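>>> could you look at this predicted model? Sequence included:
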Amino acid sequence: GSWTSSTWINQGGANWGGTAGMYMMDQVTQYDAPPILTAPTEAVPAAIAKVDGPEVYSDPSSDVLITGADSGWIGHVAGAIVDSLPGAYPNDPPTGAYTPPWSYVLPPGAYRVTQNAFTDTLTSLQVYDGGRIFIYDRGGAGPGQKDLFNYDGGFRTVNEDSAAKVVTVSHIIVEDTSHEMAFGIARFTVPPGDSAEWTPEGGNRLKITGTGSGSSYDMYLTRFTGDAAPRYEHANLSIAPGATHIIAPDWNDLTNPVLIYIDEGSDGSVDDSLYAANTVGIEERVSGPVPGRYTLRQNYPNPFNPTTRIDIGVPRTGEVLVTVYDVLGREVETLLDRVLTPGEYTITWDASARPAGVYYVRMTAGDFSNMVRLVYVK
């Protein structure tokens, strides 16, 4: 066959083609029986061939309903796809059995998203919109809860449940195929009846409009450059009730402190600012496949003086804790306590402020726990 920017044509004899999408699958000869193809009951609308709006990836373990600002909705509710939103369509996995859509492609506009009927305590939502991505994660989801979001270029989460929700929101700016700038805002508390919003600001900044009760949060930054991923982290930043933080990193050098502008009344005027130092001690290695399981490898060098490197593998997004203990079992230092995305990481520990001797490093993540023995010599 052949393709142009908007159509495809099969040149092998059958009169197939048009503007509808298609999947390239394995050859029929690889299967035990020939496929049984039924005649289509209706034509696929040409309007779904190309949509320039956002694409929403919802949690497959819950129901989702996406409502347009004017009219119509699309989603997956009670085991069935619903679709009355003009110009939108679901992306169905190419499987041999019924499966909820993996995403929903939407025309440009503003949307409200509702997720409920959770069957897993971990839930997530992702929005891809041109060169920008928003990723929402939280734990503690229950069958009687619902997560509400508004998206109009900025990402807002609303808590209408009776319990506070501790959420992580990541915002990724895609510069090109090998360069990205990523914000991570973790452990942000949204109280009942309140909301918080994350909005792109000035091209490479992020504006956080806080809750009416205020919150603390951990901030993580990463600059992906194809063969390296310099990182920044700073824990326990505080945002006052009703205030706005505008995070303005120096993306060319994330070892520098990050400037945060403070708008105390969220009225558009800057009232104060602060610099948050980089406290990172971990480097992500972006090459290679995603690990299939959690791993804690023996440090190197070992024995060491005064720094050593510890490699860990993370197969899925979640909280990871790495702690140092002395020979008596007393905790002496926390090397890592944060949400990590899947990948391989290297932690550097500088023990120059500690006495020489034997130490133990323990890694805990979900049900995984492991320990290695370190020897510090002077």
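Good, I have the coordinates. Predicted model, so just to flag it, every value in this text is computed and none were measured. Residues are numbered from 1 along each chain as shown.
>>> how about stretch 159-176: buried residues?
Of the residues in stretch 159-176, 159, 161, 164, 165, 167, 168, 169, 170, 171, 172, 173, 174 count as buried by neighbour count, 16 or more other Cβ atoms under 10 Å. Bear in mind the C-beta positions are built from the backbone N, C-alpha and C, glycine included.
>>> contacting residues for the residue nearest the centre of the chain?
In the chain, the C-alpha nearest the mean C-alpha coordinate belongs to residue 135, at 3.8 Å (Cα atoms, centre = their mean). Contacts here follow Cβ atoms under 8 Å, 6 or more residues apart in numbering; on that basis residue 135 touches 124, 125, 126, 169, 170, 171, 172.
>>> the buried residues of stretch 159-176 into TSV, with extra columns for secondary structure, distance to residue 340 and pLDDT?
Shown next, in TSV, are those (DSSP: H, G, I helix; E, B strand; the rest coil; distance: Cβ to Cβ, whole Å; pLDDT from 0 to 100):
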residue	secondary structure	distance to residue 340	pLDDT
159	strand	25	96
161	coil	27	96
164	coil	23	95
165	strand	20	95
167	strand	16	95
168	strand	11	93
169	strand	15	95
170	strand	12	93
171	strand	17	95
172	strand	15	93
173	strand	20	93
174	strand	21	90
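>>> which of those sits closest to residue 109?
The closest of these to residue 109 turns out to be residue 171 (Cβ to Cβ; 19.8 Å).
>>> is it true that the closest one touches residue 131?
No - the pair residue 171 / residue 131 is not scored as a contact, 11.4 Å apart, by Cβ atoms under 8 Å.
>>> where are the low-confidence patches of this protein?
1-51, 95-96, 227-228, 280-288 (pLDDT under 70).
>>> go with 50
Residues of the chain meeting the criterion pLDDT under 50: 1-2, 5, 9-17, 40-50.
>>> got the contact list for the closest residue to residue 211 other than its chain neighbours?
What sits nearest to residue 211 in space, not counting adjacent residues and going by Cβ to Cβ, 6 or more residues apart in numbering, is residue 194, at 4.3 Å. Residues in contact with residue 194 (Cβ under 8 Å, 6+ apart) are 158, 159, 211, 212, 213.
>>> do the same with residue 278
By Cβ under 8 Å, 6+ apart, the neighbours of residue 278 are 232, 233, 234, 254, 255, 256, 257, 258.
>>> got those as a markdown table, with secondary structure, distance to residue 60 and neighbour count columns?
Output for these, formatted as a markdown table (DSSP: H, G, I helix; E, B strand; the rest coil; distance: Cβ to Cβ, whole Å; neighbours: other Cβ atoms under 10 Å):
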| residue | secondary structure | distance to residue 60 | neighbour count |
| --- | --- | --- | --- |
| 232 | strand | 32 | 25 |
| 233 | strand | 30 | 20 |
| 234 | strand | 33 | 19 |
| 254 | coil | 34 | 20 |
| 255 | coil | 39 | 11 |
| 256 | coil | 40 | 14 |
| 257 | coil | 40 | 15 |
| 258 | strand | 35 | 19 |
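>>> so which of these comes closest to residue 326?
Proximity of the contacts of residue 278 to residue 326 (Cβ to Cβ) peaks at residue 233, which lies at 24.8 Å.
>>> picking that back up, now, of the contacts of residue 194, which are buried?
158, 159, 211.
>>> tell me the bridge partners for the second one.
Which is residue 159. With DSSP bridges as the criterion, residue 159 is bridged to residue 194.
>>> isn't it right up against residue 190?
Yes - taking Cβ under 8 Å as the definition, residue 159 is a contact partner of residue 190 at 4.5 Å.
>>> shared neighbours, those two?
Residues touching both residue 159 and residue 190 by Cβ under 8 Å, 6+ apart: residue 165.
>>> remind me which helix or strand residue 335 belongs to.
Here residue 335 is covered by strand 331-340, with elements defined by DSSP states H and E.
>>> how about that strand: buried residues?
Those would be 333, 335, 336, 338, 339, 340, for strand 331-340 by 16+ other Cβ under 10 Å.
>>> pick out whichever of those residues sits closest to residue 154.
The shortest gap between residue 154 and any of the buried residues of strand 331-340 belongs to residue 339, at 21.6 Å (Cβ to Cβ).
>>> ok, the closest residue to residue 324 other than its chain neighbours to residue 327 distance?
In space, residue 324 comes closest to residue 333 once its chain neighbours are excluded; the distance is 4.4 Å by Cβ to Cβ, 6+ apart. To residue 327, residue 333 is 14 Å away according to Cβ to Cβ, to the nearest Å.
>>> then residue 230?
34 Å.
>>> give the buried residues for stretch 237-257.
Buried residues in stretch 237-257, counted by 16+ other Cβ under 10 Å: 237, 239, 242, 243, 244, 245, 246, 247, 248, 249, 251, 254.
>>> between the two ends of that stretch, what distance do you get?
One end of stretch 237-257 to the other measures 13 Å (Cα to Cα, to the nearest Å).
>>> picking up where we left off before, and whichever strand or helix holds the residue nearest to the centre of the chain, which strands flank it?
Using DSSP H and E, residue 135 maps to strand 132-138. Strand 132-138 pairs in its sheet with strand 123-129 (antiparallel), strand 165-176 (antiparallel), by DSSP bridges.
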